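# mind folding the following:
(chains A and B)
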Amino acid sequence: DIQMTQSPSSLPASLGDRVTITCRASQDIGNYLRWFQQKPGKSPRLMIYGATNLAAGVPSRFSGSRSGSDYSLTINSLESEDMAIYYCLQHNEYPLTFGSGTKLEIK
Amino acid sequence: EVQLVESGGGLVQPGRSLKLSCVASGFTFSNYGMNWIRQAPGKGLEWVAYISSGSSYIYYAETVKGRFTISRDNAKNTLYLQMTSLRSEDTALYYCARGGLTGSPDSFAYWGQGTLVTVSS
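Next up is the predicted model:
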């Protein structure tokens, strides 16, 4: 099975900051990597697909990138509405695997 | 508007069975692969099972293989998860989500609101 190692698990940040969350894949997954945002009591929301593409309706301050087996989600100029838990998902092969999550919170 | 509405959750004793449903609307259900994904209280997301559009391909997480069965009725636009031999560690909010091994922009863009399964004596 493909392991997705996500870091950090917690990320205190201030409004206006630029933050980056990373997932490392244990095997090649190409660009079959998605990022989700989840707020308390809500279903996950797709933010990034194909590792680097912004999903519909997602603000442009969000971006995704890839360097080898490392996949990153970057948020520029943090806003209060961005405080949430973020997960990566590899959907290159079954079983699908999620990262363990990163809780983004106000410093 | 795409909608996925889960139901069937509840309190169940260990070792017993439960069947979840997910009713889809707003799209041609028979054209899409579907998943069950769960989230234990306060924990992360765990993929559980996948079924292809025509039910030809089915995959399970090792944690549920042999105990859970995913199925679908395309005529009723409904996805199912039959859960047997339930354990306390199966306690979770169960989501259905549209998606699969595709680079389509809207794969995994649509999730239900979840149905809570609690396994306890």
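# centre-most residue in the chain?
Let's take chain A. Taking Cα atoms, centre = their mean, the centroid of chain A lies closest to residue A:35, which sits 4.0 Å from it.
# I was after chain B.
For chain B, residue B:36 is the residue whose C-alpha lies nearest the centre (Cα atoms, centre = their mean; 2.5 Å).
# so who does residue A:3 touch?
Residue A:3 makes contacts with A:25-26, A:97, as judged by Cβ atoms under 8 Å, 6 or more residues apart in numbering or on different chains. The way it works is simple: take the backbone N, C-alpha and C, and place the C-beta from them, glycine included.
# tell me what residue A:64 is bridged to.
Taking DSSP bridges as the rule, residue A:64 bridges to residue A:73.
# in this model residue A:58 seems to touch it, though I could be wrong.
No - the pair residue A:64 and residue A:58 fails to qualify as a contact (Cβ atoms under 8 Å) at a distance of 10.1 Å.
# mutual contacts of those two, please.
Listed contacts common to residue A:64 and residue A:58 are A:47-48; contacts here mean Cβ under 8 Å, 6+ apart.
# before we move on, the earlier item: hang on, the residue nearest to the centre of chain A in a strand?
Yes - under DSSP: H, G, I helix; E, B strand; the rest coil, residue A:35 sits within a strand.
# what's the closest non-adjacent residue to it?
residue A:48 (4.0 Å; Cβ to Cβ, 6 or more residues apart in numbering or on different chains).
# where do the strands of chain A begin and end?
According to DSSP state E, chain A carries its strands in the segments A:4-7, A:10-13, A:19-25, A:33-38, A:45-49, A:53-54, A:62-67, A:70-75, A:85-90, A:97-98, A:102-106.
# again, but for chain B
Applying DSSP E to chain B gives strands spanning B:3-7, B:10-12, B:18-25, B:34-39, B:45-51, B:58-60, B:68-73, B:78-83, B:92-98, B:110-111, B:115-119.
# which residues of chain B lie near chain A?
Residues of chain B lying close to chain A (Cβ under 8 Å from any Cβ of the partner chain) are B:35, B:44-47, B:50, B:59-62, B:95, B:99-109, B:111-114.
# hmm, try it at 7 Å
B:44-47, B:50, B:59, B:61, B:95, B:99, B:101, B:103, B:105, B:107-109, B:111-114 (Cβ under 7 Å from any Cβ of the partner chain).
# can you select the buried ones among those residues for me in PyMOL?
Command for PyMOL that selects the buried part of the residues of chain B next to chain A, burial taken from 16 or more other Cβ atoms under 10 Å in any protein chain shown:
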select buried, chain B and resi 45+46+47+50+59+61+95+99+101+107+108+109+111+112+114
